[in-house]
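Enquirer: Task: produce atomic coordinates for the following.
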Amino acid sequence: MTTTPTSFESPYEVATPEGADGWEQMYNWYHLRGEERRADDEQRFWFHDRLHHPRVLQPYDEIQCECWWQALGAFNTRILAMPPAYGVDQRIINGYLYVSPVPADPAQLQARAELFQRRAGHYYDNWDAIYEEWKQKVTARLREIRAMDFSPLPDIEDESVVFDHRGYSSGYRMIQDFHRLVVVMYETYQYHFEMLNLGYAAYLTLFQFCKQAFPNITDQAISRMVGGLHVDLYRPDDELKRLSKEAVRLGINDEVASADSADALFARLRESDAGREWVADWERTADPWFLFSTDPGHPGGYHDSKPWIEDPDVPLAAVREYVARLREGEEIDRPTAQVLAERERIAGEYRKLLPDEDREAFDEMLELARTVFVYIEEHNIYIEHWLWATFWRKSRDLAAALSAMGAFDAPEDMFLLRRSEVAEAIYDIVAAWSVGSRPRGADYWRPIIAERRRIYEALKAWDPPPALGPPPEEVNEPFTVMLWGITTDQVAAWLSGAGEDGKTLQGQAGSPGVVEGPARIVKTVEELDDVQHGEVLICPATSPSWSPVFSRVVATVSDVGGVMSHAAIICREYGLPAVVGTGGAVRSIATGQRVRVDGDRGIVTILE
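Expert: Prediction:
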């Protein structure tokens with residue numbers, strides 16, 4: 001008889017994959033395991049953060065993890081004094097990010113709750129005004145990094161350096177701009193969490209009230225009470241639909257519908273007045289609305305995921321689809337009116353069930369949840385899309401410049417260095433440029449990069465376990481469940497090693513509706529073009545930038561994410577049935593298999 005283990009493997013006992021010895025050199029020491037904190041780490045439950053960082057991290061990309069690690073923790077623990085939880089701790093193990101929510105000290109809960117009520121109350125009372133201030137702060141940082149120029153250093157400085165009395169060299173500016181580029185991202189992640197978890201806390205208050213008042217209410221019903229919002233996160237897709245309508249109006253829809261590539265289409269359209277008008281419209285729209293990252297799941301985590309503006313064939317594919325639907329007389333706009341009507345119906349029906357004395361409190365909680373929910377969704381486009389897309393573009397510009405000046409054999413080499421090592425590489429180049437001598441450059445970094453590239457490839461082949469350490473008796477930390485989609489049942493299944501029955505997968509009910517259709521496995525944005533009408537999208541996680549494909553699919557199933565993940569929220573906004581947080585749909589289902597998606601109960605059934 002096989003005994004089910006009571007704990008996952010210790011994070012300190014995880015073996016190094018074959019061929020990856022020395023992987024620790026790729027990451028900062030404070031992100032790694034250490035014997036001095038082993039006793040504490042082994043008492044905690046860790047899970048692989050497949051929502052934000054599903055892939056192996058290249059050393060430079062560690063910057064993104066560091067940004068949210070510190071910022072989330074500081075606002076939860078030190079600034080807002082969130083009562084139930086401190087921050088979310090991180091460890092990099094074999095190149096993958098594992099996280100562990102840190103519970104607050106029970107003895108401090110009452111004192112923290114009083115602090116939180118006063119501090120959060122200030123934000124809630126002044127939410128709209130503070131949000132406008134927030135937008136100004138964030139867009140100012142965006143303008144700052146957009147103004148940075150990481151071109152190769154000149155042979156001779158421009159005369160403006162002298163006659164404008166600038167007082168410093170372009171080499172110094174490169175050093176300073178790189179430092180500032182990184183610091184700005186740390187700063188904007190402070191702003192990211194200034195309001196985000198306050199928004200989640202307001203929603204959680206409504207959630208807990210509803211669960212107590214209506215014991216049989218589903219998580220999905222509560223989330224649908226705040227849906228149907230007009231937020232900028234959906235603006236990129238709305239702009240694609242507007243451009244599609246303009247193509248029809250201008251009579252160029254045939255050219256757009258038959259285009260093989262964006263470059264070829266734009267060149268052809270510039271030969272006519274109507275075409276030039278449409279291309280000019282596209283170019284005006286692209287900045288900023290096509291600064292829209294395409295990585296699956298939570299955007300912004302990897303330097304190699306390019307936004308629409310750098311890969312216009314991705315949004316053009318959606319425009320072709322929309323044009324074809326318009327020519328067939330179909331409606332292409334998001335069903336916001338239906339979602340709004342449904343949210344009012346649900347809220348109204350539950351409100352009637354309350355005693356008179358509770359209705360005012362319910363109304364206030366619901367109004368606040370709807371107010372803050374705009375930020376919960378919109379912060380994503382400001383931070384994860386606009387700022388991180390711009391940061392990665394500037395980083396790629398820097399890599400190209402350093403490579404051209406002899407620091408590396410190829411631009412991509414830079415991303416195998418930690419940020420402190422990139423600063424060293426810049427100084428080496430700047431010092432040599434300044435005195436007119438030869439840098440050590442690529443000769444120094446070449447063996448280091450070659451070794452790390454070999455290790456990186458070995459780590460890519462490793463299958464990281466979903467969790468490490470002792471599991472909690474019950475997963476009840478709200479954000480772990482609502483955002484990551486990790487539940488008590490899922491942890492139990494991981495621990496026992498039990499698979500599904502071969503026919504069904506249990507996840508969370510992300511968006512209502514029951515449909516059947518052939519499955520289409522999509523792991524990367526490049527595979528979106530393969531999606532056919534009437535298919536069920538099966539993916540590790542969706543991205544807001546994938547929303548144009550929703551016009552082709554009948555349902556969505558994801559491996560990760562909870563009812564408050566972006567995948568679930570977007571599907572509800574588009575009226576698309578969804579099951580999220582299944583854990584293993586991608587590996588359990590093959591393209592072409594017929595499946596039933598029950599978005600009401602969170603069940604996926606493989607029919608053939």
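
Enquirer: What segments of the stretch 201-350 of the chain are helices?
Expert: Under the criterion DSSP state H, counting those that start in this stretch, the stretch 201-350 of the chain contains helices at 219-224, 235-250, 253-257, 262-269, 273-289, 313-327, 336-352.

Enquirer: out of those helices, which comes closest to V372?
Expert: With CB to CB, the closest approach to V372 among those belongs to helix 219-224: 13.5 Å. The way it works is simple: take the backbone N, C-alpha and C, and place the C-beta from them, glycine included.

Enquirer: Name the residues that touch stretch 565-573?
Expert: 51, 223-224, 227-229, 234, 297-298, 334, 336, 339, 377, 380, 482-485, 508, 510-512, 541-544, 547, 550, 556, 558, 561-562, 577-578, 580-581, 599 (CB atoms under 8 Å, 6 or more residues apart in numbering).

Enquirer: could you redo the last one with a cut-off of 6 Å?
Expert: Residues from elsewhere that reach stretch 565-573, judged by CB atoms under 6 Å, 6 or more residues apart in numbering: 227, 483, 510-511, 541-542, 544, 547, 556, 558, 561, 578, 580.

Enquirer: now swap in stretch 590-600 and tell me
Expert: So stretch 590-600 is in contact with 509, 511-516, 518-521, 536, 555, 577-579, 604-608, going by CB under 6 Å, 6+ apart.

Enquirer: gap between it and the chain center?
Expert: Distance, stretch centre to chain centre, for stretch 590-600: 25 Å (CA atoms, centre = their mean, to the nearest Å).

Enquirer: Check stretch 52-63 too.
Expert: Its chain's average C-alpha position is 13 Å from that of stretch 52-63, according to CA atoms, centre = their mean.

Enquirer: For I383, what are phi and psi?
Expert: Dihedral angles of I383 (phi, psi; degrees, to the nearest 10) stand at phi -90, psi -60.

Enquirer: Next one: it from T542, what distance?
Expert: Here I383 is placed at a distance of 18 Å from T542 (CB to CB, to the nearest Å).

Enquirer: In this structure, what helix or strand scores lowest on average pLDDT?
Expert: Lowest on mean pLDDT, DSSP states H and E among the helices and strands of the chain sits helix 478-479, with a mean of 74.

Enquirer: Tell me which other helices or strands that one touches.
Expert: On a contact count with 3 or more CB pairs under 6 Å, 6 or more residues apart in numbering; DSSP states H and E, helix 478-479 meets no helix or strand.

Enquirer: tell me the SS of S100?
Expert: Put simply, S100 is strand when judged by DSSP: H, G, I helix; E, B strand; the rest coil.

Enquirer: Just list whatever residues bridge to it.
Expert: D89 (DSSP bridges).

Enquirer: Find the nearest non-adjacent residue to P472, please.
Expert: Spatially, and ignoring its direct neighbours in sequence, P472 is nearest to F45 (5.7 Å; CB to CB, 6 or more residues apart in numbering).

Enquirer: Selecting buried members of the contacts of stretch 590-600 in PyMOL, what would you type?
Expert: Here is the PyMOL command that selects the buried residues among these (16 or more other CB atoms under 10 Å):
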select buried, resi 509+511+512+513+515+518+519+520+521+536+555+577+578+579+604+606
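
Enquirer: Show only the entries of the contacts of stretch 590-600 found in strands.
Expert: If you go by DSSP state E, these have 509, 511, 514-516, 518-521, 536, 555, 578-579, 604-606 in strands.

Enquirer: which of those residues lies closest to A111?
Expert: Using CB to CB, the ones in strands among the contacts of stretch 590-600 come closest to A111 at A509, 37.0 Å.

Enquirer: which residues does the closest one contact?
Expert: Contacts of A509 (CB under 6 Å, 6+ apart): 220, 599-602.

Enquirer: Could you rerun that using 7 Å?
Expert: For A509, the contacting residues are 218, 220, 579, 599-602, by CB atoms under 7 Å, 6 or more residues apart in numbering.

Enquirer: Please, where are all the strands along the stretch 1-150 of the chain?
Expert: 46-48, 85-93, 96-103 (DSSP state E, counting those that start in this stretch).

Enquirer: Check the offset of stretch 468-482 from the chain's centre.
Expert: Using CA atoms, centre = their mean, the offset of stretch 468-482 from its chain centre is 21 Å.

Enquirer: R55: which of the ones in strands among the contacts of stretch 590-600 is nearest?
Expert: Within the ones in strands among the contacts of stretch 590-600, the smallest distance to R55 is 16.7 Å, found for I521 (CB to CB).

Enquirer: OK, contacts around the closest one?
Expert: 538, 586, 589-591.

Enquirer: Pull up the gap between V560 and D295, please.
Expert: V560 sits at a distance of 13 Å from D295 (criterion: CB to CB).

Enquirer: So for those two, which sits in the more crowded spot?
Expert: Comparing V560 with D295 by neighbour count (other CB atoms under 10 Å), the higher total belongs to V560, at 29 against 22.

Enquirer: so who does the more buried one touch?
Expert: Applying CB under 7 Å, 6+ apart, the residues near V560 are 50-51, 297, 484-485, 540-541, 581.

Enquirer: got a list of what the closest residue to L115 other than its chain neighbours touches?
Expert: Counting by CB to CB, 6+ apart, A81 is the residue found nearest to L115 once chain neighbours are left out, at 4.0 Å. Contacts for A81 (CB under 7 Å, 6+ apart) come out as 112, 115-116, 119.

Enquirer: Swap in 10 Å and give it another go.
Expert: 75, 104, 108, 111-120 (CB atoms under 10 Å, 6 or more residues apart in numbering).

Enquirer: Assign S395 to helix, strand or coil.
Expert: Classification of S395 using three-state DSSP returns helix.

Enquirer: Could you do D155 as well?
Expert: Using three-state DSSP, the structure places D155 in coil.

Enquirer: got the end-to-end distance for stretch 350-362?
Expert: Taking CA to CA, to the nearest Å, stretch 350-362 runs 10 Å from one end to the other.

Enquirer: Show me the contact partners of it.
Expert: 206, 209-210, 213-214, 217, 221-222, 225, 347, 363, 366.

Enquirer: Kindly list the main-chain dihedrals of the nearest residue to T480 once chain neighbours are set aside?
Expert: Once flanking residues are discounted, T480 sits nearest to I486: 5.2 Å by CB to CB, 6+ apart. Here is the backbone geometry of I486 (degrees, to the nearest 10): phi -90, psi 120.

Enquirer: quick one: pLDDT of I486?
Expert: On pLDDT, I486 comes in at 87.

Enquirer: and A493, how many neighbours?
Expert: Per other CB under 10 Å, the neighbour tally for A493 reads 17.

Enquirer: tell me which element it falls in.
Expert: Following DSSP states H and E, one finds A493 within helix 488-496.

Enquirer: what separates the helix or strand following that helix from the chain centre, distance-wise?
Expert: Counting by DSSP H and E, the next helix or strand C-terminal to helix 488-496 is strand 504-506. Between the centre of strand 504-506 and the centre of its host chain there is 25 Å, according to CA atoms, centre = their mean.

Enquirer: how about the helices of the stretch 51-200 of the chain, start to end?
Expert: Per DSSP H, counting those that start in this stretch, the stretch 51-200 of the chain carries helices over the ranges 62-74, 109-125, 127-146, 160-163, 170-213.

Enquirer: Of all those helices, which one comes closest to I93?
Expert: Nearest of the helices of the stretch 51-200 of the chain to I93, taken as CB to CB: helix 62-74 at 12.6 Å.

Enquirer: What average pLDDT does the closest one get?
Expert: Rounded mean pLDDT across helix 62-74 is 96.

Enquirer: by contact count, what packs against it?
Expert: strand 85-93, strand 96-103, helix 170-213, helix 388-404, helix 419-435 (3 or more CB pairs under 10 Å, 6 or more residues apart in numbering; DSSP states H and E).

Enquirer: now the angle from it to helix 388-404?
Expert: 140 degrees (axes from the mean of the first three to the mean of the last three CA atoms, to 10 degrees).

Enquirer: and the angle for helix 62-74 with helix 170-213?
Expert: On the basis of the same axes, to 10 degrees, helix 62-74 is oriented at 50 degrees to helix 170-213.
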